[in-house]
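Student: sharing a sequence plus its predicted fold:
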Amino acid sequence: MRESKQPFVMVLFGATGDLAKRKLFPALYALYRDGLVHEHFAIVGVGRSEMGQAEFRKMVQDSIAKHSRLSIAEGQAWENFIGRVDYVALDVNNSETYALLRQMVEAREKTMDDTSNRLFYLSLAPELFGTVATNLRLGGLTQNQGWKRLIIEKPFGKDLESARALNEVISQSFREEEVYRIDHYLGKEMVQNIEMLRFTNMLFEPVWNNRYIDNVQITASETLGVEDRASYYEHSGALRDMVQNHMLQMLMMVCMEPPSKFETEAIRDEKVKVLRSLRRYAEDEISQYVVRGQYTTGEMKGQQVLGYRDEANVAPDSDTETFVAAKLYVNNFRWSGVPFFIRTGKRMPKKATEIVVQFKEVPLLNNFTHAGAVGPNLLVIRIHPMEGMTLYLNAKKPGTDDKVVPIAMDFCNNCDIEGGSPEAYERLIHDAVHGDSTFFTRWDEVSLAWKFVDPIRRAWDKGLVPLHDYQAGTWGPKAVNFLLSEDDVNWWYVRDNEAFTLPAQMQDGVFSRR
Ligand code: BG6
């Protein structure tokens, strides 16, 4: 699946932007430090503002110092890295200005035995994706001898129609197998670990179905509000920002069938089948399955924070959702009847992404006096910021009174890795450089995800579903509870990040069902 290391030039559009500073330069630096890319590589940053080479390199250095999991190497090792970084200011809308970019890329390639492999990374406003893909071709940058690849940040369109139009434009310059659509959740260690966990252990496969699993809960909660991203977020909301991509990707990883081979297309085929089986709701059913909310002012860590409508650049009567919860069904042989509860929101009490697989309960024996104390087995896959998993079981409490207590088998994925495990962007850039698109989204995945999301958006736009308030610092609108109570389910509390503790429902040594 992965090619061996080859020389390449990465052209990074949006090189002075926030993502480049926080994630992309630190990721590139970590790949270089860990020896994971060919010794001949170069990075050409493209931005709008005029900036000298030295100023740009200083900016790159500052962002690595601030955001990298690795400290900056002393002396020659650092010089080797930073000496490969160039900058050019372009008007990306004007194809004629691309000649300068082409010259810079070619000059770098001359120093690399004339090998010409090009990775274009679009970390730009989405409305520029199509234009830049086209202008790269018109500017003569895509007619190189070696490979060419295009990495595109999300969102890929804002609905099915716009995504199709964008795909059409891009396909005139890049073939589908050259397009790497990023969903950074797919680069997270523990999201990738779901596959390994499921397909390398005999333990799980026999019970990974509707006969043994009662429900699955997927949470991606954030403490941050909209920050300075209102101009994007106002048009996206949590549905397009998180559900269409990250939440559905996690669902696919949990639900997919074992692939026929551990190969890119075989894996992606199985993921796509999950989306094909996902029950799509009609507009008039949305209110029964999907809840939306928006945060109002509240307290976070003892500080009063603004409500969404009072944030900078947000319309005072905005009806953009900052929270979505939904009950989903994957109508195939394995999953029919199992509800998947998903929730994601901003300004919630904890930053946590986790998946709880709740198994069915054991049949009760007539004279078993501890029935009330026996809870369901849970497999909790913790994705971020804690990485690991915990299996909750029932066991006998040591002693003579035969008490049943919940116990936990706990695994931490990142506890022993100095500086933490590699960032999602490290893995994803590494894969793109080596031609492995397994953890990128294929066009059919994107289009099916929009087919699921679009009717929800339309129902909301038509006012068919109320927008509920929730106070900042809480777990979302109370209205969510009806989604779960129909199935007699409660959310499992998200565990504290620090030391190992049992979830609140288990803390008295018994399962309590609230
Ligand atoms: C991004 C969204 O894709 O994911 C952001 O645009 C969100 O709104 C972020 O904050 C969450 O990512 P992570 O890795 O911090 O869970």
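Tutor: Received it, and whenever you're ready, just let me know what you need. Residues are numbered from 1 along each chain as shown.
Student: all strands of the stretch 201-350 of the chain, in order?
Tutor: 213-221, 290-296, 298-300, 303-305, 323-328, 340-345 (DSSP state E, counting those that start in this stretch).
Student: report the central residue of the protein.
Tutor: Centroid-nearest residue in the chain, with Cα atoms, centre = their mean: residue 185, separated by 2.3 Å.
Student: for that residue, which non-adjacent residue is spatially closest?
Tutor: residue 246 (4.2 Å; Cβ to Cβ, 6 or more residues apart in numbering). C-betas here are computed from N, CA, C, even on glycine.
Student: wait, that neighbour touches residue 188, no?
Tutor: No: in this structure residue 246 lies outside contact range of residue 188 using Cβ atoms under 8 Å: 9.4 Å.
Student: wait, the residue nearest to the centre of the chain touches residue 243, no?
Tutor: No: counting by Cβ under 8 Å, residue 243 is not a contact partner of residue 185; they are 11.7 Å apart.
Student: quick check: buried residues in stretch 61-71?
Tutor: Neighbour counts over stretch 61-71 (16 or more other Cβ atoms under 10 Å) mark 61, 63, 64, 67, 68, 69 as buried.
Student: how about stretch 444-457?
Tutor: 445, 446, 447, 448, 449, 450, 452, 453, 454, 455, 456, 457.
Student: one more: stretch 352-362?
Tutor: 352, 353, 354, 355, 356, 357, 358, 359.
Student: do that stretch and the ligand meet?
Tutor: Yes: residues of stretch 352-362 contacting the ligand under Cβ under 6 Å from any ligand atom: residue 353.
Student: show me how far that stretch is from its chain's centre.
Tutor: 20 Å (Cα atoms, centre = their mean, to the nearest Å).
Student: ok, residues contacting it?
Tutor: With contact meaning Cβ atoms under 8 Å, 6 or more residues apart in numbering, stretch 352-362 is reached by 185, 188, 194, 207, 211-221, 250, 254, 374-386, 489, 492, 494-495, 497.
Student: dump the residue contacts of residue 434.
Tutor: Listed by Cβ under 8 Å, 6+ apart, the contact set of residue 434 reads 2, 3, 4, 5.
Student: Throw those into TSV and include pLDDT, thanks.
Tutor: As requested, these are exported to TSV (pLDDT from 0 to 100):
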residue	pLDDT
2	78
3	81
4	86
5	90
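Student: can you list those residues in a markdown table and add secondary structure and neighbour count?
Tutor: Converted to a markdown table, these look like this (DSSP: H, G, I helix; E, B strand; the rest coil; neighbours: other Cβ atoms under 10 Å):
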| residue | secondary structure | neighbour count |
| --- | --- | --- |
| 2 | coil | 12 |
| 3 | coil | 11 |
| 4 | coil | 7 |
| 5 | coil | 15 |
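Student: where do the strands sit along the stretch 401-514 of the chain?
Tutor: 404-412, 467-471.
Student: partners of the longest one in the sheet?
Tutor: In other words, strand 404-412. If you go by DSSP bridges, strand 404-412 pairs up with strand 388-396 (antiparallel).
Student: now the strand it pairs with: how far from the chain's centre is it?
Tutor: The answer for strand 388-396 is 27 Å, by Cα atoms, centre = their mean.
Student: go on, stretch 435-443?
Tutor: Its chain's average C-alpha position is 14 Å from that of stretch 435-443, according to Cα atoms, centre = their mean.
Student: pLDDT value on whichever residue of the stretch 201-350 of the chain sits closest to the ligand, please?
Tutor: Using Cβ to the nearest ligand atom, residue 241 is the residue of the stretch 201-350 of the chain that sits closest to the ligand, at 4.7 Å. pLDDT for residue 241: 97.
Student: and it, how close does it get to residue 453?
Tutor: Using Cβ to Cβ, to the nearest Å, residue 241 is found at 11 Å from residue 453.
Student: what of residue 95?
Tutor: 33 Å.
Student: please apply the same query to residue 386.
Tutor: For residue 386 relative to residue 453 (Cβ to Cβ), the value is 29 Å.
Student: quick check: buried residues in the helix-or-strand element of the chain with minimal mean pLDDT?
Tutor: The weakest-scoring helix or strand in the chain, judged by mean pLDDT, DSSP states H and E, is strand 404-412 (a mean of 86). Judged by neighbour count using 16+ other Cβ under 10 Å, the buried positions of strand 404-412 are 404, 405, 406, 408.
Student: does the third one touch residue 375 like I think?
Tutor: Yes: using Cβ under 8 Å, residue 406 is in contact with residue 375, at 5.8 Å.
Student: list the buried residues for stretch 384-392?
Tutor: 384, 386, 387, 388, 389, 390, 391, 392.
Student: next, report how far that stretch is displaced from the centre of its chain.
Tutor: Computed by Cα atoms, centre = their mean, the separation of stretch 384-392 from the middle of its chain amounts to 17 Å.
Student: and stretch 47-64, by the same measure?
Tutor: 28 Å.
Student: can you name the residues in contact with it?
Tutor: 14-17, 20-22, 25-26, 29, 45, 72, 82, 85-87, 89-92.
Student: got it, and stretch 387-395?
Tutor: For stretch 387-395, the surrounding residues in contact (Cβ under 8 Å, 6+ apart) are 189-190, 193, 197, 373-375, 377-382, 404-415, 421, 495, 506.
Student: could you see whether the ligand lies near that stretch?
Tutor: No: in terms of Cβ under 6 Å from any ligand atom, no part of stretch 387-395 sits within range of the ligand; the closest distance is 11.8 Å.
Student: quick one: mean pLDDT for that stretch?
Tutor: 91.
Student: give me the low-pLDDT residue ranges for this protein?
Tutor: In the predicted model of the chain, residues 1, 366-373, 419, 494-514 satisfy pLDDT under 70.
Student: show me which residues of it sit near the ligand.
Tutor: 222, 241, 353, 384.
Student: and the last one, what does it touch?
Tutor: With contacts defined as Cβ under 8 Å, 6+ apart, residue 384 is in contact with 188, 190, 351, 352, 353.
Student: ok, it to residue 348 distance?
Tutor: Residue 384 is 14 Å from residue 348, by Cβ to Cβ.
Student: and residue 105, how close does it get to the ligand?
Tutor: 29 Å (Cβ to the nearest ligand atom, to the nearest Å).
Student: doesn't residue 9 make contact with that residue?
Tutor: Yes: between residue 105 and residue 9 there is a contact under Cβ under 8 Å: 5.2 Å.
Student: give me the three-state assignment for residue 11.
Tutor: strand (DSSP: H, G, I helix; E, B strand; the rest coil).
Student: please name the bridge partners of it.
Tutor: residue 44, residue 120.
Student: count of residues packed around it?
Tutor: 26 (other Cβ atoms under 10 Å).
Student: what does residue 260 give?
Tutor: Counted with other Cβ under 10 Å, the neighbours of residue 260 add up to 11.
Student: can I get the CA coordinates of the lengthiest helix in the chain in PDB?
Tutor: Counting residues, the longest helix found in the chain (DSSP state H) is helix 443-461. The C-alpha coordinates for helix 443-461 follow below in PDB (Å, rounded to 0.1, in the frame of the first residue of the first chain):
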ATOM      1  CA  TRP A 443     -15.500  10.600  -3.400                       C
ATOM      2  CA  ASP A 444     -18.300   8.100  -2.900                       C
ATOM      3  CA  GLU A 445     -17.900   8.300   0.900                       C
ATOM      4  CA  VAL A 446     -18.200  12.100   0.800                       C
ATOM      5  CA  SER A 447     -21.200  12.100  -1.500                       C
ATOM      6  CA  LEU A 448     -23.100   9.500   0.600                       C
ATOM      7  CA  ALA A 449     -22.300  11.400   3.800                       C
ATOM      8  CA  TRP A 450     -23.900  14.500   2.200                       C
ATOM      9  CA  LYS A 451     -26.900  12.400   1.200                       C
ATOM     10  CA  PHE A 452     -27.500  11.600   4.800                       C
ATOM     11  CA  VAL A 453     -26.900  15.100   6.100                       C
ATOM     12  CA  ASP A 454     -28.700  17.200   3.500                       C
ATOM     13  CA  PRO A 455     -32.300  16.300   4.500                       C
ATOM     14  CA  ILE A 456     -31.500  17.200   8.100                       C
ATOM     15  CA  ARG A 457     -30.200  20.600   7.100                       C
ATOM     16  CA  ARG A 458     -33.200  21.100   4.900                       C
ATOM     17  CA  ALA A 459     -35.600  20.200   7.700                       C
ATOM     18  CA  TRP A 460     -33.900  22.700   9.900                       C
ATOM     19  CA  ASP A 461     -33.900  25.400   7.300                       C
END
